[in-house]
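got a predicted structure plus its sequence, pasted below:
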Amino acid sequence: MKTGPAAILLAIGAYFGFVVAVAQFHGVSALALGLPSGAIATLAAGCGVAGAIWFLFANDQADSSAPWQVMAGLGVLCLAFGSYYGLFVAPPEQYMGEVQRIMYVHVPTAWNALLAMTLAFACAVIFLFKPDYKWDSRMEGAIEVGVVLAFLLCCQGAIWAKPTWGVWWDWDPRLTTTAVLLFAFLGILALRRFVEDPARRAIWSSVATIIAYVDVPIVYFSVRWWNSLHQQQSNPGTVSKQFWLPLRLNAFGILFLMVAFIMIRAQLATLRRKQEMAPPLPEVAELGEAV
């Protein structure tokens, strides 16, 4: 498993995501290398995501648990520091007050839910052009993790909406399209359970994933296309410096945990498929013929 490039990308992402954020918060701008805040955030996010995906795709899906354990450990560490900083160190937001603190987990959950669906889409496309079952296994893992994150996203949104909008749920364009996305990918998981033939299951679920993915850009742009109660996407220029560190720490933490869980689910899917495609034991075959 060649993880050298992944480690370099993750190190760059950590530098611009955490070190520069802390330095700028304390008034030290030299570590930012003269880059604007938007470029710094883009570098941090781009390198972090690229490194994590490289780590995921470099995994040969062997029985070793070391790769996902590394990612899970990093994820827990980032989430622990990010949650502590967001709950106890960062100040409350000027207008929303303490309710704003859910942003530190809600926004990263949204980012990574859409990223997991995007990974599933990429694996589906690759499988249709290159029918290697490891891509089917990764697609299944990405869909399952994406569904969990989408469900958590809806729950967090309801918790935030009650004190903000006065209702637990509103058929707002962003909420509605997210619910559609959740049920669409749940349907793909149900499809995989009902189809027993591995080849047919992989092809059908790949096609269904590509179709369901159409809703992902709709979810993202819904607040711009329609009149929505949901606020529009923020950027580093609209987020105060004291909020950068917990937001980025939790974003990286959920990203690493997402990759770890996809690795686990891909390994389990691979083992299950090998059992399904394994030839029957001689005794079982003879017993079947006798019956």
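Great, that's in hand. Numbers count the residues shown, from 1 in each chain.

and the spatially most central residue of the chain, what is it in contact with?
In the chain, the C-alpha closest to the average C-alpha coordinate belongs to Asn112, at a distance of 2.9 Å (CA atoms, centre = their mean). With contact taken as CB atoms under 8 Å, 6 or more residues apart in numbering, Asn112 is in contact with Leu149, Ala251, Ile254, Leu255, Met258. Yep, even glycine has a C-beta here, placed from its N, CA and C like the rest.

can you tell me how far the fourth one sits from Gly75?
It refers to Leu255. Between Leu255 and Gly75 the distance is 7 Å, computed by CB to CB, to the nearest Å.

comparing the two, which residue is more hemmed in?
Each of Leu255 and Gly75 had its neighbours counted (other CB atoms under 10 Å), and the higher figure belongs to Leu255 (27 against 22).

isn't the more buried one up against Gly51?
No - the criterion here is CB atoms under 8 Å, and Leu255 misses it with Gly51 at 9.4 Å.

low-confidence ranges in this structure?
1-3, 59-65, 227-239, 280-291 (pLDDT under 70).

do a quick rundown of the strands in it.
Under the criterion DSSP state E, the chain contains no strands.

quick one, longest helix in it?
The helix spanning the most residues in the chain, taking DSSP state H as the definition, is helix 241-277.

pretty sure Val195 contacts Ala208?
No - contact status for Val195 versus Ala208: not in contact, 10.6 Å apart, counting by CB under 8 Å.

between those two, which one's more packed in?
Neighbours of Val195 and Ala208, each counted by other CB under 10 Å, are more numerous for Ala208; the result is 18 against 15.

show the contacting residues for the more buried one.
So Ala208 contacts Gly187, Ile188, Leu191 (CB under 8 Å, 6+ apart).

the last one contacts Ser205, correct?
In this case it means Leu191. Yes - contact between Leu191 and Ser205 holds when scored by CB under 8 Å: they sit 5.8 Å apart.

so between the two, which is more surrounded?
Here Leu191 and Ser205 are compared on neighbour count by other CB under 10 Å; more neighbours surround Ser205, at 23 against 14.

that one: what's it in contact with?
Contacts of Ser205 were listed using CB under 8 Å, 6+ apart, and they are Ala124, Asp136, Met139, Glu140, Ile188, Leu191, Arg192, Val195.

need phi/psi at the last one.
Dihedral angles of Val195 (phi, psi; degrees, to the nearest 10) stand at phi -90, psi 120.

how about it: what's its closest non-neighbour residue?
Spatial nearest neighbour of Val195, excluding adjacent residues (CB to CB, 6 or more residues apart in numbering): Arg201 at 4.0 Å.

now that neighbour: how far from Ile188?
Between Arg201 and Ile188 the distance is 10 Å, computed by CB to CB.

so if I had to pick from these two, which one is more boxed in?
Applying other CB under 10 Å to Arg201 and Ile188 shows that Ile188 carries more neighbours, namely 23 against 19.

not counting sequence-adjacent ones, nearest residue to the more buried one?
For Ile188, the nearest residue in space outside its immediate sequence neighbours is Ala208; the separation is 4.9 Å by CB to CB, 6+ apart.

likewise Leu74?
Nearest residue to Leu74 in three dimensions, chain neighbours excluded: Phe256, at 4.5 Å (CB to CB, 6+ apart).
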